[in-house]
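Engineer: Provided below for reference: sequence and predicted model.
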Amino acid sequence: MPDPTDPSKQWNLSVESVRSGFCTPKVLGGGGDGAGDSPENGEGGGGGDGVEDYEVALQSAYKEAKATRAGVHAPNPLVRRLGNAGDEFEAASLVEKSRRMCAGGTVLVVIEYVFDGSRYRCLVTDPDLASTGLLHGSFTLILGGVACPRAGNPRLNPPVPSEPFADAARDFVEVRLLQRELRVTLHGTDKSGVCLVGTVHHPRGNIGAEILKKGYGRISDWTTRLMSPGDVPPLRIAENGAKRANLGVFENYTPPTVTGASEFMGTVVEVISGDTLMVLPNGEIYDDESKLKKVSLASIRAPRAGNERTGKPDEPYATECKERLRVLAVGKAAKVTIHYEKEIPMGPNGSEKRQFGTFAVGKRADLGEVLITEGLANTQRHRDDDEKSARYDELVAAESIAKAAGKGLHSEKEFKKKAINDLSDPKKAKTYAGSLQRIGQTKAIVDYVFNGSRVKLFVPTENCFIMFALANIRCPQPSPSAAAASRGQARPAEPFGDASKRHSRMNIQQRQVEIVCTGVTKGGVMTGDLYVGQGAQRRNYCVELVASGLATVDQRKIDYGEAPKVLIDAQAAAQNNKLGIWSVKQVVKDEPKAKTYDKADETLVDIQISEIRSGNHFFFRVVGDESAKVIDDSLKLFTDQNGIAGAPCEIKAGKLVAALFNDGSSNSWYRAKVIEKTPKGKVKVLFVDHGNMAVLSPATQLRPLDVTLGTDQIPAVAKEAVLALTKVRPLEEDDGIDAARMFQGIAWGKELKARLHGEMEGNVVVTLYASDADAPSVNEKMAGEGLARLGRRDETYGVLDRLGKSDSLAKLMKDLKGAQEKARKGRKGMWIYGEIPEEDED
C-alpha cells in the first residue's frame, strides 16, 4: 500500500506493524546478519525470491523493534483489559455513565463486527470512561428504531439461510460503519439486560434512516419506545417512502384496504368499552342496528372489563377509562379516520372484522391520545409488520409523559376499585327505594337501554345502579337479544318496539339525565319521570316518546284519573296524526278475567269470623246460611253412627276426609281437607267449614267421609277472605301481632257487615264494617292505626282491574290513603320512623 508519509513509495503493513512493536514474526531468527543487509520496507535488492525477501524484511523490522524497545518489546508494555457486557460489567451502567460523563451524552466506540443490518459488536474507546473501568468494554448494539432481516449462519448443520435482503442490509452497513470509530447515543437495554439499544451518529447522517430508505429493514416499535420522541419521525418518513416505492422488504407491500370510506363524520351513539365505540355516520337514517359502525381506537389498548358470570374481575382503570371516553364522545359529532382492519375472534364460533381508527372530537385531534395522556390506556404493542395508527409516534410520546408523571396505570400506588352498589336485585332495590324517592330530582347516567321506557341507570350521588322505568307509559316490546333467544326466554317483538328502543339509544344512551323516582315495582324496578337536555332544550322524555307515537299512556292511570294531562294530550295528538304505534291497527287482546261480582251483587251481608290468620286474612261464615245448619246436623249424625274411633282412609293432599276435633264439650267429626303429611307421620288438615287447621294422627283421628257429605254436595261453609286493598306485617313481627290483635278485638265473636267485592286467588275480597256501613270500615281503622296500609300502586290497580270498576272500591282507596297519611304523620304503628316500609313489599 502507499506509504502514508511518501505516496511515491510502497509500504508493507505487516513489516511496519512488526517494526512498531505491535506484533512479531511467526518465525524468529532467520534472514541476514544485519538490517543493512536486508531490503527496506520489503523491497528486495533485485533478483531474489519475493517470499524470501519478505521474510528478511520481517526479521529486519523485528530486530529494529527490539533495539528500540518499541511496543511489546518495551520494559513495561501497554496492557488493555477487555470486558464483555453482562459478564464483566452491567450494560445498564454503561448507559447511565455515558449520559453523565461522556461529551454530549454520546459514547465513542469502534464498530468491530456487523451481525446484520441492525446488530453490531462495539468496543468502547471513549477516554471519558477511563476512570470507570468501562474503557475497552465490548457489547452488542441494537440499532434503535430499526429491525433488519436476520443473516444466516452457514456453519450450522444444517446451515441457516439468510432472510431476504439480510445480506444486502449487512453489506450496506459494513461499508459505512465497520472498523469506524463513531459516537453512539445509548437509549437503554433489551429485556435480557445484556444488549444495548442506541443510535449511531455517522458523519454523513442517520444510518437508521438510510437503512429504512433502502427498504433494508422495518421500524422496530419496541426500540422506538426507548428513543427520544423527536428522533422517531425521520425513521417513520423513511419507512413510508420505502413502502410507497416497494423497496427491499416492502417489495410486495400493498396499503391496507378498508371496507367503506376511510374517513367519515358521524355521531357517537355508544361506548362499548374503553377503546371501542358505535358510530352513526352522517347521512344515515338509524332505522336498523346495522347502520351503526363499530370502530376501535387505533393502536390503543384500554383496560379490559371483566366477566361477572365467569368470575373474571375488571382490569385496573377499566371503568374509569370507559367513563372518560363516554364523557369525551357520546352524543358528539366525530371525525373518524380508519387506518386498518383486523379479524377479531368472537368466541369459538367465528370472528368479526373490526375497523380501527382515530376519533377527532372538537378541538381534540385524537381521543386515544387523551386517554393515554391521562394514564387510562396504553399504546398497543404491534408486531413490526403490523399496520398501526398514523399518529403512533404521538401516542408513544404521550405514554412516555404519562409514565414520567406516574398517572393512572403507571402510578405506583395500589389501585383500589370503587365499590358501586348494584340495586338490580329486587330486595336491595326495595330497601333503597325510600331514600331514592326522598331525594327528589337527581342526576343519573343511562348505562343501558332495555326498551324505549326501561333503562339501567347509574346515580352518582347515591353511588348505585338502578333499574328504572318511565312512569305512566308503556313502550312496545322490541326484538329479543340473541342471548335471550338462545335461552328460550325471547318474547315476540311488537310493532314499533325496535323503533322505540332505537329512539332511546340515540337520545339517552350513556347520556346524563335527570330523574324523579316516584315508586318501585315488585320486581325492584324504580319508576318515575326522566328529563333529558339542559336549559331551553330540557324536556320530559315520557312526553317525547308518547308524542312521537313510540309509547302509550297506561290506560289504568287514565281510567283512575292519575295520568298527567300533558301525556293524555300528547297521546291524543299522536293518534290524530297517526304517528308510530297509531299508524297501525290496534289489536285488542282477549285476556281471561277473574271471577267478579256485579255491582248489583256487591251488597252487604252479615257475617261472623270463624278463624283469624293475620291482621287482614281470615275465614268467615255468612249469618243465616242454610248450608251451615245442614252440615252441622249431618256431621252430628255421622258422629253418632260411627263413634269417635279412627278408620283407615286415603291420605292424599286435597283429599276430603272426616277429622276428629274437640270443640270444648266433646269429640266430634268434621269435614277436613288434607294439606300435607308431616315428617313425623302425622297429617296437617284444614277444617273447611270453620277455617282452622290442625295436625292429627291418621290412625286415630281420621276416617273416610261419606260421599253425601262432600263439598260438591254441600259447599264449604267457611269462606277464606282478605281485607280489600290492605297489607299488614307478618305475625313474626310485633306490628303483625298488633294488627291481628286489633282485628280480633274489633271482629271476633260479633256479627259484622261485609261488602263482598269478588274473588282473587281463592280469597274473597271484603270491606268489613263493625256496625253501620256508613261508618269508617275496619280496613280504614286498621290503616289509621298504622297496622295496615295500601299496597303498591301496581298491586292496587291490579286489584281494581280484576274486580271491575266499583264506586265502593274507589271510595275505600281514597279513605285508606287519608287514614294512612294520618298514621304516617302521627308516627303510628309501622310508621313509627316516618319511613315507607320497603321491607313490606315482598
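Structural biologist: The structure has been received and is ready for your questions.

Engineer: how near is the nearest residue to residue 105 once chain neighbours are set aside to residue 291?
Structural biologist: Nearest in space to residue 105, with sequence neighbours left out and distances taken as Cβ to Cβ, 6 or more residues apart in numbering, is residue 99 at 4.9 Å. Every residue, glycine included, has its C-beta placed from N, CA and C. Residue 99 sits 55 Å away from residue 291, going by Cβ to Cβ, to the nearest Å.

Engineer: what helix or strand does residue 339 sit in?
Structural biologist: Using DSSP states H and E, residue 339 maps to strand 333-345.

Engineer: For residue 330, grab phi and psi.
Structural biologist: The phi and psi torsions at residue 330 (degrees, to the nearest 10) take the values phi -60, psi 130.

Engineer: hang on, isn't it packed against residue 510?
Structural biologist: Yes. The pair residue 330 and residue 510 passes the contact test of Cβ atoms under 8 Å, sitting 4.5 Å apart.

Engineer: overlap in contacts of those two?
Structural biologist: 270, 271 (Cβ atoms under 8 Å, 6 or more residues apart in numbering).

Engineer: higher neighbour count, those two?
Structural biologist: More crowded of residue 330 and residue 510, by other Cβ atoms under 10 Å: residue 510, with 24 against 20.

Engineer: Which positions in the strand holding residue 339 come out as buried?
Structural biologist: 334, 336, 337, 338, 339, 340, 341 (16 or more other Cβ atoms under 10 Å).

Engineer: doesn't residue 357 make contact with the third one?
Structural biologist: Read that as residue 337. Yes. Assessed by Cβ under 8 Å, residue 337 is found in contact with residue 357 at 5.2 Å.

Engineer: hang on, residue 55 in a strand?
Structural biologist: No. Applying DSSP: H, G, I helix; E, B strand; the rest coil, one finds residue 55 to be helix, outside a strand.

Engineer: Who does the strand holding residue 339 pair with, and is each partner parallel or antiparallel?
Structural biologist: strand 263-273 (antiparallel), strand 351-360 (antiparallel) (DSSP bridges).

Engineer: CA atoms only: put it into CSV for me.
Structural biologist: Output of strand 333-345 as CSV, limited to C-alpha atoms (Å, rounded to 0.1, in the frame of the first residue of the first chain):
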residue,chain,number,x,y,z
ALA,A,333,-70.0,14.8,16.3
ALA,A,334,-66.8,13.0,15.5
LYS,A,335,-64.4,12.8,12.6
VAL,A,336,-63.4,9.2,12.2
THR,A,337,-60.3,8.2,10.2
ILE,A,338,-59.9,4.5,9.5
HIS,A,339,-56.3,3.2,9.4
TYR,A,340,-56.7,-0.6,9.2
GLU,A,341,-59.0,-3.6,9.7
LYS,A,342,-58.5,-6.8,11.7
GLU,A,343,-60.3,-10.1,12.2
ILE,A,344,-61.2,-10.2,15.9
PRO,A,345,-62.0,-13.6,17.4
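
Engineer: what pLDDT, on average, does it get?
Structural biologist: Strand 333-345 carries an average pLDDT of 91.

Engineer: Can you tell me which of the buried residues of strand 333-345 is closest to residue 580?
Structural biologist: Taking Cβ to Cβ as the measure, residue 580 lies nearest residue 334 of the buried residues of strand 333-345, at 29.2 Å.

Engineer: Okay, and the beta partners of that closest one?
Structural biologist: residue 266.

Engineer: wait, doesn't it sit right on residue 264?
Structural biologist: No. In this structure residue 334 lies outside contact range of residue 264 using Cβ under 8 Å: 9.3 Å.

Engineer: Toward the C-terminus, what is the element adjacent to the helix or strand of the chain with the lowest mean pLDDT?
Structural biologist: In the chain, the helix or strand scored least confidently by mean pLDDT, DSSP states H and E is helix 482-486, which has a mean of 67. Along the chain past helix 482-486, the next helix or strand (assigned with DSSP H and E) turns out to be helix 497-507.

Engineer: returning to what we had before: can you redo the strands paired with strand 333-345 as a markdown table with mean neighbour count?
Structural biologist: Below are the strands paired with strand 333-345 laid out as a markdown table (neighbours: other Cβ atoms under 10 Å):
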| stretch | mean neighbour count |
| --- | --- |
| strand 263-273 | 18 |
| strand 351-360 | 19 |
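
Engineer: Out of these, flag the one nearest residue 543.
Structural biologist: strand 263-273 (22.7 Å).

Engineer: relative to helix 497-507, how tilted is the closest one?
Structural biologist: 100 degrees (axes from the mean of the first three to the mean of the last three Cα atoms, to 10 degrees).

Engineer: if we look at strand 263-273, which residues are touching it?
Structural biologist: 277-282, 284, 286, 292-294, 302, 304-305, 318, 322, 325-326, 329-338, 359, 361, 505-506, 509-510.

Engineer: coming back round to it: residue 708: which of the strands paired with strand 333-345 is closest?
Structural biologist: strand 263-273 (71.6 Å).

Engineer: average model confidence for that closest one?
Structural biologist: What strand 263-273 shows for mean pLDDT is 94.

Engineer: Repeat that for stretch 198-212.
Structural biologist: 93.

Engineer: ends of it, how far apart?
Structural biologist: Chord length of stretch 198-212, first to last residue, is 16 Å (Cα to Cα, to the nearest Å).

Engineer: Please identify the buried residues of that stretch?
Structural biologist: For stretch 198-212, burial by neighbour count (16+ other Cβ under 10 Å) applies to 198, 199, 200, 206, 207, 208, 209, 210, 211, 212.

Engineer: show me the contacts for the residue nearest the centre of the chain.
Structural biologist: The centre of the chain sits closest to residue 305, judged by Cα atoms, centre = their mean, with a distance of 4.2 Å. By Cβ under 8 Å, 6+ apart, the residues touching residue 305 are 273, 274, 314, 315, 318, 319, 322.

Engineer: okay but the third one is in contact with residue 304, surely?
Structural biologist: When you say that, I think you mean residue 314. Yes. With contacts counted by Cβ under 8 Å, residue 314 reaches residue 304, the gap being 7.5 Å.

Engineer: still on that earlier bit, now, of the contacts of strand 263-273, which are buried?
Structural biologist: 277-280, 284, 292-293, 302, 305, 318, 322, 325-326, 329-331, 334, 336-338, 359, 361, 505-506, 509-510.

Engineer: how distant is whichever helix or strand residue 210 is part of from the center of its chain?
Structural biologist: In the assignment (DSSP H and E), residue 210 maps to helix 207-213. The chain centre lies 44 Å from the centre of helix 207-213; the measure is Cα atoms, centre = their mean, to the nearest Å.

Engineer: Please, where are all the helices along the stretch 351-500 of the chain?
Structural biologist: All helices of the stretch 351-500 of the chain, identified by DSSP state H, counting those that start in this stretch, fall at 367-373, 392-405, 426-438, 482-486, 497-507.
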